[in-house]
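*Asks:* have a look at this prediction, sequence included:
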Amino acid sequence: MKVGISAGYWSGSPPRGIAERVAEAESQGVNSLWTAETYGSDALTPLAWWGSQTSSLQLGTSICQMSARTPTALAMAAQTIDHLSGGRMIVGIGASGPQVVEGWYGQPYPRPLERTREYIEIMRAVWARDKPVTFNGRHYQLPLAGGTGLGKPLKSIVHPLRPDIPVYLGAEGPKNVALAAEIADGWTPLWFSPKSDDFYRAALAEGFARAGARRTASDFEIANTCWLIEDNDVEKAAAKLKPVVALYAGGMGAKGANFHNDVFTRMGWGEACAEIQRLYLDGRSDLAAQAVPTEMVEDVALVGPADKICEDIVTRWKPTCLTTMILAGWPRPETRDRILEAIRS
């Protein structure tokens, strides 16, 4: 299993110390750096900024929201970073949810799987650069249907460094996970739990079995962002993450339309999720965080003393389908080698 490091997305302002952490991670042989976006900072600018200070890290977005950019715009950005980095770009994309897509970007959300398929097909056509790009889909048309009539098919002026940049799909539900296995080069889960490994392997197998599937299980990458919080007291470590879990399970999306809530519910936390969401949507985020069971945090994160974290990695996480563990959080200096070795060995 490979190790990645997450710079995430920003909250109120740019996070401190990321440049130093990235430099240290690269010196420790970490494989990849990942950024994200919601409705504040974007994923591409920090990736280019911090990535420019590295020489070996793969540079991935986990994720770029599709509705934020047209497929040609993201294809342009990806091939630009790929050139500047010497071929280290990984394009992680995702559909996000209706709150963000319709509320922030003012774009329609329905039929996200179909939209994803079209989006990736157009990006690959840009990078292939074998002819001017044309596309006539439900969601995207190149040239635009019903426009001025002056649009013409175009071919990228830039010759991509790689004509086939890796695309990873951010997905949580079984249909979207199967789509990732069918058309993408990798999958970036969110709130993956080792206890759900069989569920996800079945969804992936469905995608790999489809006619024309791009990859097989042997050459498909699965890069999961996993929180890591060290503390000799497990409860204290988990408490630091409970507000984040409550935000996603309770506040990311409306009642009945929260994909993160669905993920935790499938793990067996349905009763807790209902209470967390009720409190969060009532404006009681503090009580929602308190309603998150410590065991629910332990299902999806590495929390506690280093000995426990290493044991969890070896006994729970290593046997799963994951190929890369992206750490959101960085081990202490005195335990760093042990934890990183537990993941890699």
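*Replies:* Looks like it arrived, so ask away. Numbers count the residues shown, from 1 in each chain.

*Asks:* give the contact list for the nearest residue to Thr38 once chain neighbours are set aside.
*Replies:* Nearest non-adjacent residue to Thr38, counting by C-beta to C-beta, 6 or more residues apart in numbering: Tyr9, 5.2 Å away. Heads up, the C-betas are built off the backbone N, CA and C, glycines and all. Going by C-beta atoms under 8 Å, 6 or more residues apart in numbering, Tyr9 touches 35-38, 40-41, 43.

*Asks:* let's see it at 6 Å
*Replies:* Contacts for Tyr9 were tallied using C-beta atoms under 6 Å, 6 or more residues apart in numbering; they are 36-38, 41.

*Asks:* distance check, it against Gln28.
*Replies:* 23 Å (C-beta to C-beta, to the nearest Å).

*Asks:* what does Ser52 give?
*Replies:* 19 Å.

*Asks:* do Trp191 as well
*Replies:* For Trp191, the distance to Gln28 - C-beta to C-beta - is 26 Å.

*Asks:* wait, isn't Asp299 in contact with Ser193?
*Replies:* Yes: shown here, Asp299 and Ser193 form a contact pair, counting by C-beta atoms under 6 Å, at 4.4 Å.

*Asks:* ok, these two, which is more surrounded?
*Replies:* Ser193 (24 against 20; other C-beta atoms under 10 Å).

*Asks:* thinking again about what came up before, so what's in contact with Asp299 and Ser193 at the same time?
*Replies:* Listed as contacting both Asp299 and Ser193 by C-beta under 6 Å, 6+ apart are Met267.

*Asks:* and whichever strand or helix holds Cys273, what's buried?
*Replies:* Using DSSP states H and E, Cys273 sits within helix 270-281. When burial is assessed from 16 or more other C-beta atoms under 10 Å, helix 270-281 yields the following buried residues: 272-277, 279-281.

*Asks:* next one: stretch 247-254
*Replies:* Result for stretch 247-254 [16+ other C-beta under 10 Å]: buried residues 247-253.

*Asks:* with stretch 253-272 instead?
*Replies:* Counting neighbours by 16+ other C-beta under 10 Å, the buried set in stretch 253-272 is 253, 258-267, 269, 272.
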